[in-house]
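*Asks:* have a look at this prediction, sequence included:
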Amino acid sequence: MSRSLIERRLTDVSQRLRRVREELVVLDEQREVFTDAAEDARVRSLVSETPIAHREYEEAQRHADAMDRSRRLLLSQIAALSATQDELLDRLVVSSD
């Protein structure tokens, strides 16, 4: 692989990595809101002991769980992009020798 191609791929991967990390920051903020809402709904469900309150808790918890899954996916993407970036950097160093 030519040095210029490695550099272009490295630039692309770096930009993608930056965007995914930015998404993670936003998602973490949203996840905190959903987790807090689920906890509040859980407490209301325990206190009121009504089916409606329990359904509200289950729905809020589903949203919080979905945010957790999204976070795991983003972390997986970050790990893959970081590994690709490391590989490209290694190739760049080897090609300059």
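*Replies:* Perfect, I can see it now. Numbers count the residues shown, from 1 in each chain.
*Asks:* confidence score at Ser95?
*Replies:* Note on Ser95: pLDDT of 77.
*Asks:* right, and it touches Arg3 too?
*Replies:* Yes: look at Ser95 against Arg3 with CB atoms under 8 Å: they come within range, at 5.0 Å. Placement of C-beta: from N, CA and C, glycine included.
*Asks:* which neighbours do those two share?
*Replies:* With contacts defined as CB atoms under 8 Å, 6 or more residues apart in numbering, no residue is shared by Ser95 and Arg3.
*Asks:* give me the distance between the closest residue to Ser82 other than its chain neighbours and Ser95.
*Replies:* Distance criterion CB to CB, 6 or more residues apart in numbering; nearest residue to Ser82, sequence neighbours excluded, is Leu17 at 6.7 Å. Per CB to CB, to the nearest Å, Leu17 is found 21 Å from Ser95.
*Asks:* please say which of the two ends up with more neighbours.
*Replies:* Leu17 (17 against 13; other CB atoms under 10 Å).
*Asks:* list the contacts of that one.
*Replies:* Taking CB under 8 Å, 6+ apart, one finds Ile78, Leu81, Ser82, Gln85 in contact with Leu17.
*Asks:* got it, and Gln77?
*Replies:* Here Gln77 is in contact with Val20 (CB under 8 Å, 6+ apart).
*Asks:* ok, Val13 next?
*Replies:* Val13 neighbours (CB under 8 Å, 6+ apart): Leu81, Thr84, Gln85, Leu88.
*Asks:* which of those sits closest to Met67?
*Replies:* Leu81 (20.8 Å; CB to CB).
*Asks:* what's the distance between that closest one and Glu39?
*Replies:* Using CB to CB, Leu81 is found at 32 Å from Glu39.
*Asks:* the two: which is more packed in?
*Replies:* Taking neighbours as other CB under 10 Å, Leu81 and Glu39 compare with Leu81 leading, 20 against 14.
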